[in-house]
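Visitor: Need a 3D model of the following:
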Amino acid sequence: MSVVIAQIDIAAPPERVWEVAMDPRTTKDWVTIVRDVGPWDDGPLVKGFHMDQRLHLRGVTFKVEWTLQEVEPPFFARWEGKGPARARAIIEDRLTPTETGTRGST
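Guide: Have a look, this model is predicted:
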């Protein structure tokens, strides 16, 4: 399994970053490989929340079905995804308060 770690500092409080980053409606605005999002569950992000995405990598578009496995708003979310050919993925989003805002890492 490949592991990718990315980090960014954002001049906004964790609550605001969480609001944008965890909203399925805004995903296409900041995740470059996302082509479409939906359907997704109604209501707040709780364990078991489900969201589908169409992603595009290396010239191929495919569907991933995501399920939220752990959530501690506004600091942590762990998603598990199922894709084509029994592919699996895990994304962990962490937000840490800093003196100037928030450090986000995935």
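Visitor: quick one: low-confidence parts of this structure?
Guide: Of all residues in the chain, those with pLDDT under 70 make up the ranges 1.
Visitor: the helices in it, which residues?
Guide: If DSSP state H is used as the criterion, the helices of the chain fall at 14-21, 27-30.
Visitor: list the helices and strands the first one packs on?
Guide: Applying 3 or more Cβ pairs under 8 Å, 6 or more residues apart in numbering; DSSP states H and E, one finds that helix 14-21 contacts strand 88-98, strand 101-105. C-betas here are computed from N, CA, C, even on glycine.
Visitor: what is the orientation angle of the shortest one with helix 14-21?
Guide: Pointing back at strand 101-105 there. Angle between the axes of strand 101-105 and helix 14-21 is 50 degrees (criterion: axes from the mean of the first three to the mean of the last three Cα atoms, to 10 degrees).
Visitor: just the CA coordinates of strand 101-105, formatted as PDB?
Guide: Output of strand 101-105 as PDB, limited to C-alpha atoms (Å, rounded to 0.1, in the frame of the first residue of the first chain):
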ATOM      1  CA  GLY A 101      -4.900  29.400  12.400                       C
ATOM      2  CA  THR A 102      -4.800  25.700  11.500                       C
ATOM      3  CA  ARG A 103      -2.400  23.100  10.300                       C
ATOM      4  CA  GLY A 104      -4.100  20.500   8.200                       C
ATOM      5  CA  SER A 105      -2.600  17.200   7.300                       C
END
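Visitor: Check which residues of it are buried.
Guide: Judged by neighbour count (16 or more other Cβ atoms under 10 Å), strand 101-105 contains these buried residues: Gly101, Thr102, Arg103, Gly104.
Visitor: out of those, who's nearest Thr32?
Guide: Gly104 (15.6 Å; Cβ to Cβ).
Visitor: residues in contact with that closest one?
Guide: Gln7, Ile8, Asp9, Ile10, Val17, Ala21, Asp93, Arg94, Leu95, Thr96 (Cβ atoms under 8 Å, 6 or more residues apart in numbering).
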